[in-house]
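Student: My questions concern the predicted model and sequence given below.
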Amino acid sequence: DVKIAASTLEARNNNQMVVDPVEFVITATNAGKTVESTKFNTYVERIIALPEGVDASKITTGVVFNRDGSFSHVPTEVFEKNGKWYAKLNSLTNSTYSVIWNPVTVSSVENHWSKAYVNDMASRLVIKNPESFTPDGQITRGDFAEYVAKALGIYRTGVAKAGAFPDVASGNELADAVTVTSEYGIIAGYPDGTFKPEAKITREEAMIMYARAMDIVGLKEKNNNRIESYLDKQEISGWAYEGVKKTVSAGVFNGKTKATIDPKGMLTYAEAATAIRNLLTETKMINK
């Protein structure tokens, strides 16, 4: 039983909303009792018809509204059927949704190899503060967790919980992302219980998170022997080997070069944005 109702919730973001907010609720009825299903194990498709006259090329992404009136990215594919355009939003929860036009140009990548990837992720609200984006800077563990949470559409504001990690206070700007990625099993702490959100993330640490994100979106491995082509595979930590093997086998989180993984090397912001976008395009959750 699916109930769809218009919402009067107003956005407070500087984006152009293409359709009025719509509330999607899925309920299950058994023996005369109806219960709302609020969280799902797999993505549920929400289809929103675009208004007549809307230029489909000017649709950036679907968004989910947070309780404070802000909104966050939801993986969205725009498609045409029988002469009419639609936005397919992929979500793991019930909530209120809309579709926005939000083109962002990140000046720091104008002449960088990652230009198309970074601009797309910034436009989709995955990259915050695009005006200060440093493509070749080393990304932190907390920022990478936030990239993953926002890209997968599980990020929400105001959900931070105290106590998960002693070094991530509930008031930390990354606490919301750390909370949701921890609840979805994407991140884990160090043996001493800390998360170290400000520490630079190594490529093998990032690949572990990425492998867990693959499970959520249903991205399967393609070439289990691909890891054998890397000359430095023996440098991968034992605890990380299976996760690294899994990510490179999918063909969307690549080595540092064609011949090396550089597992102990640090991941850059540009590499992180590219990898997370590849995850979404490969699963056809967003348009290429």
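Tutor: All right, it came through fine. Residues are numbered from 1 along each chain as shown.
Student: Low-confidence regions, this structure specifically.
Tutor: 1-15, 28, 31, 34-37 (pLDDT under 70).
Student: Could you break this protein into its assigned domains?
Tutor: Using the TED database, the domain parsing of the chain gives 2-101, 107-283.
Student: now the ones you listed in CSV, with mean neighbour count?
Tutor: To be clear about C-beta, it is placed using only N, CA and C from the backbone, and glycine gets the same treatment. CSV is the format used below for the domains of the chain (neighbours: other Cβ atoms under 10 Å):
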stretch, mean neighbour count
domain 2-101, 16
domain 107-283, 19
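Student: For Tyr43, list the residues it contacts.
Tutor: Going by Cβ atoms under 8 Å, 6 or more residues apart in numbering, Tyr43 touches 75, 90-92, 217-218, 285.
Student: if you set the cut-off to 6 Å instead, what comes out?
Tutor: Applying Cβ atoms under 6 Å, 6 or more residues apart in numbering, we find Tyr43 in contact with Asn90.
Student: again, but for the one 3 residues further on
Tutor: When the contact criterion is Cβ under 6 Å, 6+ apart, the partners of Arg46 are 24, 89, 91.
Student: So which of the residues you listed is the closest to Lys33?
Tutor: Phe24 (21.0 Å; Cβ to Cβ).
Student: hey, what's the closest one bridged with?
Tutor: As for beta bridges, Phe24 partners with Ile4, Ser95 under DSSP bridges.
Student: how close does it get to Met207?
Tutor: When distance is defined by Cβ to Cβ, to the nearest Å, Phe24 is 33 Å away from Met207.
Student: right, and Val64 touches Ser95 too?
Tutor: Yes: using Cβ atoms under 6 Å, Val64 is in contact with Ser95, at 4.8 Å.
Student: now the residue most central in space within the chain, nearest residue through space, not along the chain?
Tutor: Residue closest to the average C-alpha location in the chain (Cα atoms, centre = their mean): Ala151, at 1.5 Å. In this structure, Ala151 finds its nearest non-sequential neighbour in Ile276, 4.5 Å apart by Cβ to Cβ, 6 or more residues apart in numbering.
Student: Assign a three-state SS to Pro197, would you?
Tutor: coil (DSSP: H, G, I helix; E, B strand; the rest coil).
Student: Check which helices and strands the helix or strand where Phe79 lies is in contact with.
Tutor: Per DSSP states H and E, Phe79 falls inside strand 76-81. Contacting strand 76-81 under the criterion 3 or more Cβ pairs under 6 Å, 6 or more residues apart in numbering; DSSP states H and E are the following elements: strand 84-93.
Student: Can you tell me which helices and strands the strand it packs on packs against?
Tutor: Using 3+ Cβ pairs under 6 Å, 6+ apart, strand 84-93 is in contact with strand 39-49, strand 76-81.
Student: With distance to Ala164 added, can I get the ones you listed in a markdown table?
Tutor: What follows is the helices and strands packed on strand 84-93, written out as a markdown table (distance: least, Cβ to Cβ, whole Å):
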| stretch | distance to Ala164 |
| --- | --- |
| strand 39-49 | 18 |
| strand 76-81 | 29 |
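Student: Looking at those, spot the one closest to Pro197.
Tutor: So among these, strand 39-49 is nearest, using Cβ to Cβ, at 24.6 Å.
Student: so Ile139 makes contact with Ala272?
Tutor: Yes: at 4.9 Å, Ile139 counts as touching Ala272 under the criterion of Cβ under 6 Å.
Student: check contacts around Glu235.
Tutor: Pro263.
Student: Distance check, it against Thr202.
Tutor: Counting by Cβ to Cβ, the gap from Glu235 to Thr202 is 11 Å.
Student: What of Tyr241?
Tutor: Counting by Cβ to Cβ, the gap from Tyr241 to Thr202 is 14 Å.
Student: Val78 contacts Lys58, correct?
Tutor: No: Val78 lies out of contact with Lys58 (Cβ under 6 Å); the separation is 9.9 Å.
Student: and Glu228, helix, strand or coil?
Tutor: Assignment for Glu228 (three-state DSSP): helix.
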